Structure formats: C-alpha cells, structure tokens
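Participant: all I have is the shape, not the residue letters:
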C-alpha cells in the first residue's frame, strides 16, 4: 500500500481533527509568523489488521509545519503527556478547523490527561529551550566558524608561559612533519618532541655553509612583526624577508640548543652526524588528522622541546564546531535575520517562558491554558521581538523556573493518566470504525 498523503486522508474521510497550532493558537503570532496545523486521522482498516508493515503513524510536510498523527500514535503521546499533543485538546475554538464526533468524544475527557505526569515533559521542554538559548547565545557571541585540528591544541613551554607549537616551530623555520613525538611516562598528554634535522636538510637542500652564512647575517629581524604583517596586512612582499629571519632563528637555535658555541668545526661535526630518520610528524601533512602521531626514537636522542597536548580541549572544540555547523545548516533564514546582531534566539526564549508558565498553571490546578491572550501574550511577544537583553531574560527565566519548581513540589493534582480508561476509549473508537467499514 502506498504512503498516505494529506489529500488521501481528506478524500478517504479518514481525518477526525484539524486545528491551528503554534503561535497563532498562543496569541503570540507576529506579522510574518507562519500558520502551522496539526491533525488526527484514523488509518485504513487494512493497515491495522494486516502484518502492520505499512502502518503509517504520521503525515508531515518537509519542515514539519503541518503534522497529522494517526490515532494510535496520537493517543500514545497523550498518555505520555507530550506537550505538543496535549495542546491539541485545549486550543481555542477559533483554531479548530474541523472536529468529528469521534474527536469530540476524546476531547470530552481531556482533563484526565492533566496529571503530574505533565511536569517532566513540560519542565524538561522548558529547560531544553533554556539550554538552547544559552547554546545559541554562545553561537551568536562566539561563532565556531573555523575548524581546528589537534596541532592547534599542542603547546610548548615559552618563557613563563606557553606557546602554540605551530608558532614555536614557525618562528624557527621548523616544520611539524619533521617532528617525532614520544609519550612521557606518568605525564598525561605531555610528550617529548624530537626533530629530524637530517630529513629537513635533505628535503630543503640546506648545507652547513648555509647555516654558517645565516649565523653571520648581521641583520636584526623582528620575526613576529613580519609574520603579523603578512597575516594581518597581506604583505606577500615580506615572504622572502620572513624566510631569512626564520632561517637565522633556526641557525641560532641549533648552535644554542646543542651547545656548539662559536666553533664552526663543532657545527660541521654536528651537521655531518645528521642523517634522515623519518619521524611520523605531529599530525598528517594535510593538517587535518584527528589524532596526534607517535614516533619511534632512538635511545640517546635529545628532544628539542616538550609538548602538552590539550586533548579534552580538542574534543570540546569538535563538539562546539559540529553543533554550530548543524545550527547554520538547519537554521531558519528568516529567523536568523531576525536574531542577527542579537545575543540569543528570541523564539527559544519565548518558548521557555510559555512552557514554564503553563507548567506552573497546571501544577496549581488552573488547567491547560493554550491561548495566552490576556495572560502573558504581550510579554511573550516582547520577548520574541528582543525586548530584553540576554542577561535580563536569563535572570527572569531562572526566577520563573524557581516558581515553577515550587508549584510542582506543592501540587495536589492527579498523579497519573488512567491508562485503562484511555485504552477502552481507543478500543471503542476502533470498533465503531471497523463496524462502519464492514
């Protein structure tokens, strides 16, 4: 059997309820707000009495703006106190597009679904909206637009602090692909970094005379300033000057680090001992490895520096980057433009306030109030229009949540939904539907 569409459900008289939901029902719609609908239908008999492989529990459009649920799925969600489905029983009359006698019978018993079971989903949904708000605040203020890699989380000691190993190597004209890392026993995420001078000299065609010439270069280079001018000002004309500065820094590092002094004979001896080793590098040469690499290092070799790899920082970045990219991919363009330049998603905040208020009302025995007009719709609209600063709304949300928690704690409403009653109600509806199709 082919999948049912909205049109099929209408044409086959399977629809028992259609209503307007969302901001239009809450009374918080803005001029550019969409009109979303919900619905309930009874699936064809053959979908229930067969093997059930073709049972279709819902029909929805691409954006889930319009969602119709099959009666079984609908009742199951009601029993679970799903806020979105519960709303359908309490939308104002102005939002009911079509209601069959079957749905009228269900709505006649709607109050049995207002129990303490509502607290968890309502409170949970509101907290989720607050979490989204805080997460999106981070995305608005500190967007994670650049994908970093393990090399960006590798640091080495520098003076009284630290320096990214990438910068430390760049300053000396050294490259990560010639490095070999070795774990240090009992020191988590700290590694010895060895350098393959032989491979570096061989690949770059560097002779000992070149190193001596760099040591004799009397020019005073400000390497960091040159790097910044190239990166920030696009000064490509300084590339040759940078190479000279880096090479001189490398030559001085070799002499100082290996204690060669000013005796060029010692430098010649040291240079002649440098043979290509073939270390693995810190990461893959494409710079996009998800793990750092370890190498086998001969006994007696001396590390050029020690590296601290912030693995937890890299993992946290990966999560933040993925979340941000997912948000960018799925964000509503109109909604994004509305929030652009702000520090929170106003729709998430408005949802949080509404859910907390409704949960508080339920806990106090005031019923399930969908239509917020005359209650807090003006406030919710102001929130949706960024009428408050981020710190303001978060402070108000925390206070509203505190009040909700107190109301839940003191609540005396019914504990649970009467499952047997709901089951009998559903069975009777199904029986009547079957009888009509005989």
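Facilitator: Cool, got the structure. All values derive from a computational prediction rather than experimental measurement.

Participant: please make it C-alpha for all contacts and neighbour counts, starting now.
Facilitator: OK.

Participant: and residue 247, how many residues sit next to it?
Facilitator: 21 (other C-alpha atoms under 10 Å).

Participant: which residues are in contact with the nearest residue to it once chain neighbours are set aside?
Facilitator: Spatially, and ignoring its direct neighbours in sequence, residue 247 is nearest to residue 173 (5.7 Å; C-alpha to C-alpha, 6 or more residues apart in numbering). Listed by C-alpha atoms under 8 Å, 6 or more residues apart in numbering, the contact partners of residue 173 are 243, 246, 247, 249, 250.

Participant: let's see if you can find the most crowded of the residues you listed.
Facilitator: Ranking those using other C-alpha under 10 Å puts residue 246 first, with 23 neighbours.

Participant: residue 200: what secondary structure?
Facilitator: Recorded secondary structure, residue 200: helix (DSSP: H, G, I helix; E, B strand; the rest coil).

Participant: wait, it touches residue 177, no?
Facilitator: No. With contacts counted by C-alpha atoms under 8 Å, residue 200 stays clear of residue 177, the gap being 9.1 Å.

Participant: show me what contacts the nearest residue to residue 287 once chain neighbours are set aside?
Facilitator: Among residues not flanking residue 287 along the chain, residue 149 sits closest, at 7.0 Å (C-alpha to C-alpha, 6+ apart). The neighbours of residue 149, taking C-alpha under 8 Å, 6+ apart as the test, are 287, 288, 289, 290, 314.

Participant: can you tell me how far residue 149 sits from residue 317?
Facilitator: Look at residue 149 and residue 317: by C-alpha to C-alpha, to the nearest Å, they are 9 Å apart.

Participant: what's the answer for residue 196, then?
Facilitator: Remark: distance between residue 196 and residue 317 (C-alpha to C-alpha) = 30 Å.

Participant: ok, these two, which is more surrounded?
Facilitator: Of the pair residue 196 and residue 317, residue 196 is the one with more neighbours under other C-alpha under 10 Å, namely 21 against 18.

Participant: and the closest residue in space to the more buried one that isn't next to it in sequence, how many neighbours?
Facilitator: Nearest non-adjacent residue to residue 196, counting by C-alpha to C-alpha, 6+ apart: residue 178, 5.1 Å away. If you count neighbours by other C-alpha under 10 Å, residue 178 ends up with 21.

Participant: I'd guessed residue 178 sits against residue 195; true?
Facilitator: Yes. Counting by C-alpha under 8 Å, residue 195 is a contact partner of residue 178 at 5.8 Å.

Participant: any residues in contact with both of those two?
Facilitator: Common neighbours of residue 178 and residue 195 (C-alpha under 8 Å, 6+ apart) are residue 279.

Participant: ends of stretch 371-388, how far apart?
Facilitator: Span of stretch 371-388 from end to end, C-alpha to C-alpha: 23 Å.

Participant: before we move on, what about stretch 377-391?
Facilitator: For stretch 377-391, the first-to-last residue distance is 21 Å (C-alpha to C-alpha).

Participant: same check, this time on stretch 109-123
Facilitator: 24 Å.

Participant: pLDDT of that stretch, averaged?
Facilitator: Across stretch 109-123, the average pLDDT comes to 91.

Participant: likewise stretch 65-75?
Facilitator: For stretch 65-75, mean pLDDT rounds to 93.

Participant: who's in contact with it?
Facilitator: The contact list for stretch 65-75 (C-alpha under 8 Å, 6+ apart) reads 36-43, 56-61, 85, 422, 426.

Participant: same deal with stretch 163-172?
Facilitator: With contacts defined as C-alpha under 8 Å, 6+ apart, stretch 163-172 is touched by 151-157, 175-176, 223-224, 246-250, 253, 307.

Participant: quick one: the helices in the stretch 51-200 of the chain?
Facilitator: In the stretch 51-200 of the chain, the helices defined using DSSP state H, counting those that start in this stretch lie at 71-79, 83-90, 101-108, 119-141, 165-171, 197-204.

Participant: out of the ones you listed, which gets the lowest mean score?
Facilitator: Among the helices of the stretch 51-200 of the chain, helix 119-141 has the lowest mean pLDDT, at a mean of 68.

Participant: how about the helices of the stretch 251-400 of the chain, start to end?
Facilitator: 264-272, 311-330, 333-339, 346-363, 377-384, 390-410.

Participant: which other helices and strands contact the last one?
Facilitator: Right, the one you point to is helix 390-410. The helices and strands touching helix 390-410, judged by 3 or more C-alpha pairs under 8 Å, 6 or more residues apart in numbering; DSSP states H and E, are helix 346-363.

Participant: which secondary element of the chain has the worst mean pLDDT?
Facilitator: Least confident element among the helices and strands of the chain, by mean pLDDT, DSSP states H and E: helix 333-339 (a mean of 52).

Participant: check contacts around the residue nearest the centre of the chain.
Facilitator: The centre of the chain sits closest to residue 323, judged by C-alpha atoms, centre = their mean, with a distance of 2.0 Å. Neighbour list for residue 323: empty [criterion: C-alpha under 8 Å, 6+ apart].

Participant: how close does residue 265 sit to residue 186?
Facilitator: Using C-alpha to C-alpha, we find residue 265 at a distance of 40 Å from residue 186.

Participant: neighbour count for the two, which is higher?
Facilitator: When residue 265 is set against residue 186 and neighbours are counted by other C-alpha under 10 Å, the residue ahead is residue 265, at 10 against 7.

Participant: what's the pLDDT at the more buried one?
Facilitator: In this model, residue 265 is scored at 93, pLDDT.
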